[in-house]
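Trainee: the sequence and its predicted three-dimensional model are supplied below.
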Amino acid sequence: MQALGIFQRATPDQLWKLTRPGNRHDRLTRDNLLDLEDHQLVRIESVQEDQRQVWVLTKRGHGEAKQLLEPKGIRVSMLRKQEYDPDTGQLLGTGYDDHAAAVTSTAAELHRAGIGHLLGFQTEIGHRLGSSFVQRADLVVRAPEAGVPVLLVEVDRRTEDAHDLVAKLRRYWEWGRLLQKDAPKRTVDLVRSRPDAIERLVDHDKRLWRRFYPPTGREGLVPLAFVFADTTEAKVDNAVAVLEEAGRRYWAPRRYDSLYAKAITALDYRQAVPVVVTTLEQLTEHGAGAAVWRRLGREGEQTLTDALDNPDGHNLYRDQAARAEARDEQRRAAEREAQRPACSRCGRKFSDERWEEITVHRTAVRAGDRSVCGPCHADDVARQEADAEAARLEAAAPPELEDDPEPDRGRGWFRRRT
């Protein structure tokens, strides 16, 4: 019931993969559908040419699905009403939408591969742009346990022109650059006046998309997957080529603006929409967990998590920048060491303290002989201080008395005669 509440219509095969992917076949799912039908909770809406039954919720079942899903914040799809032609009495609205079927099958294959759980899928989720245009994602996948916290999915049966897909990509990119509605006025004015301000000054945590989705765990905006269905390989290749060329501005990483540009090969994915492509046929044949996903800008196919990862992204940049900075520091240290002066007296290299002492103006005037090292300068200072101390002591000593050559002289003018 929850699966039909989310996807509106589904075949037993799709419901089996969405609800019991561990089972080897859909027999138990069919039995459950018959049991729910007996309780007037589901009904068969149509039978396709290949004898596939398309099941939907009844009004009663739709009400119970609401009680199960809405408290969990999951939007319930519209009720498929049983309406009849007043003239012929034929049941109306039984046409099976192949696009909706492809969306449900995509979710079923993802779930079968362990990418997401039933309540982690939502369909037709709107993303309102600044122009009030609403870009609706065919499918939103939340599978943090599988390494995919969030993934937007667009299913294309090649009923749309490739340039229409580029326009969708552009709108998702624009939506990822919107500010939150309660952003400070100063930030709003700055973003309006400077086109690059949203990239340089506003982190992803302060943008609108973070109000709706969790952090992706990777650089960039919310990742986007294009799943092609019921088409030829040539048409898929053509659509992917157009996406890569015309949509490059939105998915492609940039070079880092670094002082060590020649040493940095890492790419900056922070403002890009990670885009992966595959086909429903590959998902069905090999499984969504296999290497069936191709990242725009790369060659070959990878698993979904590998395709979304950025091995040449920010982690590589930090490592390369750290190594480049260390090499630059070593180079500057070697250049400085080559310029370090040597003592003209003993030949020893100057210490950092002595080198600074003779070059900094406030200390250079008291540095003495600038051609000698610190120890030799200390010897000079000690010698000068010793000489000064000796001179001071000599100046302070009292003068010595001279011997009187005539000791009797000066006793008086008159002498006693003998």
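Mentor: Okay, I see it.

Trainee: what ranges does the protein have for its strands?
Mentor: Read by DSSP state E, the chain holds these strands, from start to end of the chain: 9-10, 42-47, 53-57, 83-84, 91-92, 121-128, 134-143, 148-156, 224-228, 254-255, 267-268, 275-279, 294-295.

Trainee: for residue 126, which non-adjacent residue is spatially closest?
Mentor: With C-beta to C-beta, 6 or more residues apart in numbering as the criterion, residue 126 has its nearest non-adjacent residue at 4.3 Å, and that residue is residue 134. Using the backbone N, CA and C atoms, a C-beta is placed for each residue, glycine as well.

Trainee: show me the contacts for the one you found.
Mentor: For residue 134, the contacting residues are 126, 127, 128, taking C-beta atoms under 8 Å, 6 or more residues apart in numbering as the criterion.

Trainee: from these, list the buried ones, please.
Mentor: Taking 16 or more other C-beta atoms under 10 Å as the criterion, what is buried in those is residue 127.

Trainee: would you mind putting the contacts of residue 134 into JSON lines with pLDDT and distance to residue 354 alongside?
Mentor: Formatted as JSON lines, the entries for those read as follows, by pLDDT from 0 to 100; distance: C-beta to C-beta, whole Å:
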{"residue": "126", "pLDDT": "93", "distance to residue 354": "72"}
{"residue": "127", "pLDDT": "95", "distance to residue 354": "66"}
{"residue": "128", "pLDDT": "94", "distance to residue 354": "69"}
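
Trainee: now the contacts of residue 134 in JSON lines, with distance to residue 253?
Mentor: Formatted as JSON lines, these follow (distance: C-beta to C-beta, whole Å):
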{"residue": "126", "distance to residue 253": "28"}
{"residue": "127", "distance to residue 253": "23"}
{"residue": "128", "distance to residue 253": "27"}
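
Trainee: ok, so of the contacts of residue 134, who is nearest residue 220?
Mentor: Using C-beta to C-beta, residue 127 is the member of these that lies nearest residue 220, at 16.1 Å.

Trainee: any low-confidence regions in this structure?
Mentor: Using pLDDT under 70 as the threshold, the predicted model of the chain has low-confidence ranges 82-96, 400-418.

Trainee: report the central residue of it.
Mentor: For the chain, the residue nearest the mean C-alpha position is residue 219 (1.8 Å; C-alpha atoms, centre = their mean).

Trainee: which residue is the nearest non-sequential neighbour of that one?
Mentor: Taking C-beta to C-beta, 6+ apart as the measure, residue 219 lies nearest to residue 269, with 4.0 Å between them; neighbours along the chain are not counted.

Trainee: do you know how far residue 221 is from residue 173?
Mentor: To residue 173, residue 221 is 7 Å away according to C-beta to C-beta, to the nearest Å.

Trainee: those two - which one has more neighbours?
Mentor: Legend: neighbour count by other C-beta atoms under 10 Å for residue 221 and residue 173, higher for residue 221 (24 against 20).

Trainee: that one and residue 171 touch, don't they?
Mentor: No. Taking C-beta atoms under 8 Å as the contact criterion, residue 221 and residue 171 are not neighbours in contact, 11.8 Å apart.

Trainee: which among the strands of the chain is found nearest to residue 163?
Mentor: Put simply, out of the strands of the chain the one that sits nearest residue 163 is strand 148-156, at 12.3 Å, with distance taken as C-beta to C-beta.

Trainee: other SSEs contacting the closest one?
Mentor: Strand 148-156 makes packing contacts with helix 98-112, strand 134-143, helix 162-175, strand 224-228, helix 304-308 when contacts are defined by 3 or more C-beta pairs under 8 Å, 6 or more residues apart in numbering; DSSP states H and E.

Trainee: tell me the most buried of these?
Mentor: Each of the helices and strands packed on strand 148-156 was given a mean neighbour count from mean count of other C-beta atoms under 10 Å, and the largest, a mean of 25, is that of strand 224-228.

Trainee: show me what that strand is in contact with.
Mentor: Contacts made with strand 224-228 from outside it, assessed by C-beta under 8 Å, 6+ apart, are listed as 102, 106, 151-158, 165, 169, 172, 235-236, 239, 243, 273-280, 283, 293.

Trainee: so what's the closest residue to residue 279 other than its chain neighbours bridging to?
Mentor: On the basis of C-beta to C-beta, 6+ apart, the spatially nearest residue to residue 279 that is not a chain neighbour turns out to be residue 228, at 4.8 Å. Beta-bridge partners recorded for residue 228 (DSSP bridges): residue 156, residue 279.

Trainee: what about residue 228, distance to residue 158?
Mentor: With the distance defined as C-beta to C-beta, residue 228 ends up 7 Å from residue 158.

Trainee: again, but for residue 341
Mentor: Counting by C-beta to C-beta, the separation of residue 341 from residue 158 is 76 Å.

Trainee: check residue 108 too.
Mentor: When C-beta to C-beta is applied, the distance between residue 108 and residue 158 equals 21 Å.

Trainee: burial count for residue 61?
Mentor: Residue 61: 22 surrounding residues under other C-beta under 10 Å.

Trainee: for the closest residue to it other than its chain neighbours, give me its contacts.
Mentor: Computed as C-beta to C-beta, 6+ apart, the closest residue to residue 61 that is not its neighbour in sequence is residue 41, at 3.5 Å. The contact partners of residue 41, by C-beta under 8 Å, 6+ apart, come to 1, 57, 58, 60, 61, 64.

Trainee: ok, residue 219 touching residue 267?
Mentor: No. With contact defined as C-beta under 8 Å, residue 219 does not count as touching residue 267 (9.3 Å).

Trainee: now the common contact residues for these two.
Mentor: Between them, residue 219 and residue 267 share the contacting residues 310, 313, judged by C-beta under 8 Å, 6+ apart.

Trainee: gap between residue 60 and residue 185?
Mentor: If you measure residue 60 against residue 185 using C-beta to C-beta, the figure is 51 Å.

Trainee: thinking again about what came up before, pick the one among the contacts of residue 134 closest to residue 72.
Mentor: Top of the list for closeness to residue 72, among those and by C-beta to C-beta, is residue 126 at 19.0 Å.

Trainee: just want the phi and psi numbers for the residue nearest to residue 61.
Mentor: Comment: the main-chain dihedrals of residue 41 come out as phi -100, psi -30, following degrees, to the nearest 10.

Trainee: start at 665, not 1
Mentor: With the count now opening at 665, the last piece we talked about shows up as residue 705.

Trainee: and the gap between it and residue 809?
Mentor: According to C-beta to C-beta, residue 705 stands 30 Å off from residue 809.
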